[in-house]
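In: Generate coordinates for the sequence data below:
(one chain, ligands or ions: 1)
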Amino acid sequence: MEAKTLKTCGICEEEKQHGIHLYTMFICQECEYNIIHTEPREEKYRYYVQKLKSVNQQQLFS
Ligand SMILES: [Zn+2]
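Out: Numbering: from 1, shown residues only. Here you go, the predicted model:
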């Protein structure tokens, strides 16, 4: 069963159909792929880590 509803990706903030849920955040397939394939020395990696950290904090204080 395929849901047609689009969810807003917490990383790129675009509406996508396919992706995963991490805590309360939806991450689209593209961003999931990018996160996995980004080296920690790349500047993008810090951006992803910041985004993911904010999800963790929401979870802690809720
Ligand atoms: Zn995305």
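
In: quick one: contacts for the residue most central in space within the chain?
Out: Using C-alpha atoms, centre = their mean, the residue of the chain that lies closest to the mean C-alpha position is residue 27, 3.3 Å off. Listed by C-beta atoms under 8 Å, 6 or more residues apart in numbering, the contact partners of residue 27 are 9, 10, 11, 19, 20, 21, 35. Where C-beta positions appear, they are placed from N, C-alpha and C, glycine not excepted.

In: Give me the buried subset of the residues you listed.
Out: 9, 10, 11, 19, 35 (16 or more other C-beta atoms under 10 Å).

In: export the contacts of residue 27 to a markdown table and tack on pLDDT, secondary structure and distance to residue 57?
Out: Converted to a markdown table, those look like this (pLDDT from 0 to 100; DSSP: H, G, I helix; E, B strand; the rest coil; distance: C-beta to C-beta, whole Å):
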| residue | pLDDT | secondary structure | distance to residue 57 |
| --- | --- | --- | --- |
| 9 | 96 | coil | 19 |
| 10 | 93 | coil | 13 |
| 11 | 94 | coil | 16 |
| 19 | 96 | strand | 21 |
| 20 | 95 | strand | 19 |
| 21 | 93 | strand | 17 |
| 35 | 93 | helix | 18 |
